[in-house]
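In: This is a predicted model, with the sequence first.
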Amino acid sequence: MNIAEYRSGIWKDQYQYKSFSPSLVNLQWRWDLPELDTLLAEANRKLGELNGLSIVVPDLDRFIQMHVVKEAQSSSRIEGTETGMAEALREDPEDIAPEKRDDWQEVRNYIDAMKQSLDELKSLPLCNRLLCDTHGILLQGARGEKKSPGEFRRSQNWIGGASIQDAVFIPPHHEDLPVLLGDLEDFWHNESIHVPHLIRIAISHYQFETIHPFLDGNGRIGRLLITLYLVDKELLDYPCLYLSSHLEKHRSHYYDALTHVRNTHDLAHWIRFFLVGIIETSKNSINTFRSIFELRNRTTALLETFGRATPNATRFVNYLYSNPIITSVEIAGKLELSQTTVDRLIALLMKNKVLGELTGQRRNRVFFFKEYYQIFVK
């Protein structure tokens, strides 16, 4: 299939409305577009550079946790959830204002869903079953918990509008889903066609969002699918590239690019948008790792000047790389240190501007690893 000859799908008459059924994608794709070749080569180069850097960063698992939280927060914000990074990093709902707990729960579910799906990938290839398992975690105890968590829909859904009559877009009828989702899964693993992986996942994300196979949570699962695919196909050794921050920044262009394909059949437009996102996100992630590496070296050198406090201060800061927001009681429990020892360490780290304080209160104070935290919120 030449991308220039692609037809996005057909509108099917249903009862009092028309649903859009996209064309199948498990095809041998080709194109005569030099610009696309240039973007693809640059995206592969930057992704390879990021992966190479991730392999040599010491203790990478500590830093990946922050990438996961940032992705969860950004992906949820695209859907209208208002949870800041400081809130997303808290694990206890009692630390969150009651009016913000629903949003917070969705972000925390995303974090759990991402971790679970990445663990499942170690023994299970990327497949629709894995996406359903991930979806079940995503909606558990959250606002969508009554919308068939972990199951593909068995009724019609729609996007935008108060009802199906004034919907902005109506995805395919649920009876079309088995064929469409089977075709998409086959596309991920079809070794008889020669389609570069970044082209496959670009097309796959568009197709998944167009199918909209769940009653809720499609956007978040569709964006998580990108990272899962890159890890499954070993383009990334570690899950260190997440597009949601870029897509949130360009939210209107993101939705417009998806809609543009359905309306005009211009799949190349979407692929270009996607590849630029891979390039820009890879660059940002590379800069993030370099900033972390530089900060880690400076902080390690500083801690070595703390004398007898150095071992415990080092344990303290190493924990903060996974979760840079903490209370003194929490860190005492995590490190199994006395409260007096922890309070002395906090005073020492604050004096040396490693720690800052978020609440401005004299009691129940919350501390944060200032420079490290700011790397992820700028």
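Out: Okay, I see it.

In: Which residues are in contact with Leu243?
Out: 223, 226-227, 277-278, 281 (CB atoms under 8 Å, 6 or more residues apart in numbering). C-beta here means a position set from N, CA and C on the backbone, and glycine is covered the same way.

In: where along the stretch 151-300 of the chain do the helices fall?
Out: Under the criterion DSSP state H, counting those that start in this stretch, the stretch 151-300 of the chain carries helices at the ranges 177-189, 197-211, 218-232, 244-249, 251-264, 267-303.

In: and those helices, which one's lowest on average pLDDT?
Out: Ranked by mean pLDDT, the helices of the stretch 151-300 of the chain end with helix 244-249 at the bottom, a mean of 88.

In: and it, which residues are buried?
Out: 244-248 (16 or more other CB atoms under 10 Å).

In: Mind giving me the packing neighbours of it?
Out: helix 60-78, helix 267-303 (3 or more CB pairs under 8 Å, 6 or more residues apart in numbering; DSSP states H and E).

In: can you redo these as TSV with mean neighbour count and distance to Leu124?
Out: Converted to TSV, the helices and strands packed on helix 244-249 look like this (neighbours: other CB atoms under 10 Å; distance: least, CB to CB, whole Å):
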stretch	mean neighbour count	distance to Leu124
helix 60-78	21	19
helix 267-303	18	25
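
In: Run the chain-centre distance for stretch 330-348.
Out: Distance, stretch centre to chain centre, for stretch 330-348: 33 Å (CA atoms, centre = their mean, to the nearest Å).

In: Begin at 225 from now on, thanks
Out: With the count now opening at 225, the last piece we talked about shows up as stretch 554-572.

In: Can you list the neighbours in contact with that stretch?
Out: In contact with stretch 554-572 (CB under 8 Å, 6+ apart) are residues 530, 533, 536-537, 539-540, 543, 550, 552-553, 579, 591.

In: how does it look with 10 Å?
Out: With CB atoms under 10 Å, 6 or more residues apart in numbering as the test, stretch 554-572 has contacts from 314-316, 319, 527, 530, 533, 536-537, 539-544, 546-547, 550-553, 578-579, 581, 589-591.

In: I'd like the helices and strands packed on helix 468-473 laid out as JSON lines, including distance to Leu263.
Out: JSON lines is the format used below for the helices and strands packed on helix 468-473 (distance: least, CB to CB, whole Å):
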{"stretch": "helix 284-302", "distance to Leu263": "23"}
{"stretch": "helix 491-527", "distance to Leu263": "4"}
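
In: Looking at those, which is nearest to Ser247?
Out: helix 491-527 (9.7 Å; CB to CB).

In: Now do that closest one against helix 442-456, angle only.
Out: Angle between the axes of helix 491-527 and helix 442-456 is 70 degrees (criterion: axes from the mean of the first three to the mean of the last three CA atoms, to 10 degrees).

In: could you point out which element follows helix 491-527?
Out: helix 534-544 (DSSP states H and E).

In: relative orientation of that following helix and helix 284-302 in degrees?
Out: Using the same axes, to 10 degrees, the direction of helix 534-544 lies 30 degrees away from that of helix 284-302.
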